[in-house]
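Q: Predicted model and sequence follow; I will ask about them next.
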Amino acid sequence: MPELPFEIWKERIENEIKILKNLNFIENDTIAFHENNVDFWVNIKSLGFITKDNTEKLSLMPINTHRIFIKLNRSFPYPGGIDLSWYSNIFHPNIHPIELQNSEKPGTGYICINILKKWSRLSDLESTVKSLQKLVENPNPEDPLNYDICSKAAEFFKKNPIEKIRKNYESGEEIEEENDDVVIVDD
Amino acid sequence: MTTQKDYQEIKVIDKDSVDTDIFDRQKRIHGWDQDKISNAKVMVIGVGATGNEVVKNLVLSGVGTIYIIDFDFIEMSNLNRCVLFNSKAAENNEYKVDVVKEACKILNPDVKIIPIKKDLNAIDKNLYRECDVICSCLDNVEARLEANNYAYYYDIPFIDSGIDEYFGTVQAVYSKVIESACLQCAISDKDLELMWSKFSCTGQEINSEDQETTRKIATIITTTSIIGGIQSQQVLKFLLDIDYFRKYGKWSSQIGEPLIGKQLLYNGLMNRFKIIEKLKDPECWTCSYKKPIS
């Protein structure tokens, strides 16, 4: 990837981080400037689900805040300039979180997201973080990441559309699916 | 009546040097100053097909120092269009820059060739500032843009070229002509998508050998020598006339204006040249940046 001269890159990054900061996405005091990159933690709020342990059936419970580690490298704002690692646990076909439940080793933190694939001249940090928020609410089971937990999530969301799950959660009902062993538990 | 000033501009050609001075014929050109050429430092990024032509032209014109940057090795399939390569070097898979350096010694031993066997993004960025003109003879958008970005930032004239079968383009970028476009101005979302296609959706690089072979384009030496010729002429124009431009804010009539912010398109099938003006993007990532006034 090409890079911008350091001064241009720095000014651009500072502006973009300022916008994110004003939108309260960035965790306090986590911004670290290094020689060739900048990293920080981002908290986003949107309704996602995690699996509940100690039940034989696959059951979900809601999770509202998510933690993501973002590193901007020298390629920014060219494609590939943003490294995203999803930290907090989530049951999602397109996210392989580092903090995996019931797993001995951590996940990869990989996120499969369209905005990175279709990076445009107008794409920026703000639109990327906002699209992460949207990704939580709109899993894409047709194109899961190649990990067991993600395939499992894909299968699950194919059978149980997210709209339905969300609706059930909002109405506070505990529902068991007919065709699958699904229970939504509101904690 | 000849004024004193005009009189000084009339060239005195030494009768004895007509046949012995290497540069006698080019010195006869109005506005030519061989000292400017001999003291110049030019960077040529990529010494493939076009790079060979450009380096050959600059060496024979007597450019003082030429930095050549290429990390690649010579292959047999390069030999149909690279005047400075040879089959022995291709058999031994030698570095392109080393072979070009040796070949240039024979063409003009006075020229200093500095080979750099590195990827463009690994070179010392201060090297850009040391050069008077930067040339890119590359096969990919990524490296072109990087060279464009640094050349623009450091206010160094930059000349880019591209070839494909019977077609070719040459475009110059110079930040001191403020209203002119740079290469980044014309980058489309499609270009960005192509750059990104070498990566998977999670951002990991895909190492595919198929991609390497499919990216090779068709080229012939007749097109590369036309485009390389125009590109090296742009270099000479900048070298000869940049002092005049800095002083008067315009290009002298003897040397003429380089193709700044304009793109020359060559169509070998139609035997046609066309020049189009490139639009400047007011929000361009590279050239919209305003340096703080120190």
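A: Noted; the coordinates are in hand.
Q: where along the chain do the strands fall?
A: Going with chain A. Taking DSSP state E as the test, the strands found in chain A are A:32-33, A:37-52, A:58-73, A:82-86, A:182-184.
Q: wait, chain B
A: With strands called from DSSP E, chain B shows them at B:41-45, B:65-69, B:112-116, B:133-136, B:158-164, B:167-173, B:262-267, B:272-277.
Q: Briefly note if the fourth one comes near chain A.
A: No. Contact check for strand B:133-136 against chain A, using C-beta under 8 Å from any C-beta of the partner chain: none in range, with a minimum separation of 11.6 Å. Where C-beta positions appear, they are placed from N, C-alpha and C, glycine not excepted.
Q: In its sheet, which strands sit next to that strand, and in what direction?
A: Strand B:133-136 pairs in its sheet with strand B:41-45 (parallel), strand B:158-164 (parallel), by DSSP bridges.
Q: Compute the inter-axis angle for the shortest one and strand B:112-116.
A: Using axes from the mean of the first three to the mean of the last three C-alpha atoms, to 10 degrees, the inter-axis angle of strand B:41-45 relative to strand B:112-116 is 40 degrees.
Q: The longest one now?
A: Strand B:158-164 and strand B:112-116 are oriented at 70 degrees to each other (the same axes, to 10 degrees).
Q: Which one, of the strands paired with strand B:133-136, ends up nearest to residue A:110?
A: When those are compared by C-beta to C-beta, strand B:41-45 sits nearest residue A:110, at 34.3 Å.
Q: ok, residues contacting the closest one?
A: B:51, B:54-55, B:58, B:63-70, B:120, B:127-128, B:130-138, B:143, B:147, B:235, B:239 (C-beta atoms under 8 Å, 6 or more residues apart in numbering or on different chains).
Q: What of stretch B:118-133?
A: A:2-3, A:5, B:40-43, B:45, B:67, B:69, B:71, B:116, B:134, B:143, B:146-147, B:150-151, B:154, B:156-159, B:235, B:238-239, B:242.
Q: so how far does it reach from one end to the other?
A: 19 Å (C-alpha to C-alpha, to the nearest Å).
Q: from the chain's centre, how far out does it sit?
A: Relative to the chain's own centre, stretch B:118-133 is displaced by 13 Å; criterion: C-alpha atoms, centre = their mean, to the nearest Å.
Q: Equivalent analysis for stretch B:230-237, please.
A: 8 Å.
Q: Now that stretch - C-alpha only, PDB.
A: The C-alpha trace of stretch B:230-237 is given here as PDB (Å, rounded to 0.1, in the frame of the first residue of the first chain):
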ATOM      1  CA  ILE B 230       8.700  11.700 -23.900                       C
ATOM      2  CA  GLN B 231       9.200  11.000 -20.200                       C
ATOM      3  CA  SER B 232      13.000  11.700 -20.400                       C
ATOM      4  CA  GLN B 233      12.400  14.800 -22.400                       C
ATOM      5  CA  GLN B 234      10.100  16.100 -19.600                       C
ATOM      6  CA  VAL B 235      13.000  15.500 -17.200                       C
ATOM      7  CA  LEU B 236      15.300  17.500 -19.300                       C
ATOM      8  CA  LYS B 237      12.800  20.300 -19.700                       C
END
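Q: where does the chain dip in pLDDT?
A: Looking at chain A here, since you left the chain open. A:53-57, A:173-187 (pLDDT under 70).
Q: other chain: chain B
A: B:1-13, B:199-215.
Q: can you list the residues of it near chain A?
A: So far as C-beta under 8 Å from any C-beta goes, chain B lies against chain A at B:121, B:125, B:141-146, B:149-150, B:153-154, B:187-189, B:192-193, B:195-196, B:199, B:201-204, B:285-286, B:289, B:291.
Q: Any of the residues you listed buried? List them.
A: Burial by neighbour count, 16 or more other C-beta atoms under 10 Å in any protein chain shown: within these this picks out B:141-146, B:149-150, B:153-154, B:187, B:192, B:195-196, B:199, B:201-203, B:285-286, B:289.
Q: Filter those down to just the ones in helices.
A: B:141-146, B:149-150, B:153, B:192, B:195-196 (DSSP state H).
Q: Show me which residues of chain A are close to chain B?
A: Those residues of chain A that sit near chain B, judged by C-beta under 8 Å from any C-beta, are A:1-5, A:7-8, A:11-12, A:77-80, A:82-84, A:108, A:110-114, A:116-121, A:145.
Q: For the ones in helices among the buried ones among the residues of chain B next to chain A, could you give me a markdown table that also reports distance to residue A:38?
A: Formatted as a markdown table, these follow (distance: C-beta to C-beta, whole Å):
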| residue | distance to residue A:38 |
| --- | --- |
| B:141 | 25 |
| B:142 | 22 |
| B:143 | 24 |
| B:144 | 26 |
| B:145 | 21 |
| B:146 | 20 |
| B:149 | 19 |
| B:150 | 20 |
| B:153 | 20 |
| B:192 | 21 |
| B:195 | 21 |
| B:196 | 21 |
